[in-house]
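> sequence and predicted structure below; questions after.
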Amino acid sequence: MKTLYIVRHAKSSWDHSGISDHDRPLMEKGKKKTRRIVDYLLLHKVEIDLIISSDAVRARETAFIIARGISYPDTEIRLSSSIYNCGTDDLFRLLDSLADDIGSLMIVGHNPSMTDFANIFLEDIIYNMPTSGVACIEFNTDKWADIRSSAKKTNFVISPKTLKKEI
């Protein structure tokens, strides 16, 4: 069994003129909303074997908030420049390169890539993965390279806004 968590970074700040898109940090509001996601993950006893994040500041900060919240060692987060401006083929190559002893993977990245990648697996497509949104899909396979053709199940698709409605 493989479990994939596809995460879009939290809301970023546009208040810092003169910095590159890659270097934009998170807004405080984005950090707070990501903590709401962490609470959900904790409530549902989510355990992650590996977190791979885009190396862009806003994605990296989001990955660190989630990692610390679920007691994943933030020193074990893998940063990848290839996730910053990737397509679905790039993400499949990333998955194909993983060791099969990794049971659960969280990828933290950007739109439109995260929405496009999630929609490959979701029964009900989404039009936009919101900031701090998470899609969790479970695959009936022992090999990451086989997830394309494996039976799959959507465990959840959440965002701070949908969690607010549940309260």
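All right, it came through fine. Numbers count the residues shown, from 1 in each chain.
> tell me how many other residues crowd N128.
Neighbours of N128 under the rule other CB atoms under 10 Å: 12. From N, CA and C alone the C-beta is placed, and that goes for glycine too.
> name the SS class of it, please.
Going by DSSP: H, G, I helix; E, B strand; the rest coil, the secondary structure assigned to N128 is coil.
> ok, now how distant is it from A118?
10 Å (CB to CB, to the nearest Å).
> then G109?
Taking CB to CB, one finds G109 at 11 Å from A118.
> can you check K161 too?
16 Å.
> more neighbours: which of the two?
Neighbour count, other CB under 10 Å: between K161 and A118, A118 has more, with 25 against 13.
> you'd agree that one is up against I158?
No - assessed by CB atoms under 8 Å, A118 is found out of contact with I158, at 11.8 Å.
> list the contacts of K29.
Applying CB atoms under 8 Å, 6 or more residues apart in numbering, we find K29 in contact with K11.
> help me confirm that it is found in a helix?
Yes - according to three-state DSSP, K29 belongs to a helix.
> who touches the helix or strand of the chain with the lowest mean pLDDT?
Averaged element by element with mean pLDDT, DSSP states H and E, the chain has its least confident helix or strand at helix 160-166 (a mean of 80). Helix 160-166 is contacted by residues K33, T34, R36, I37, D39, Y40, P130, T131, S132 when judged by CB under 8 Å, 6+ apart.
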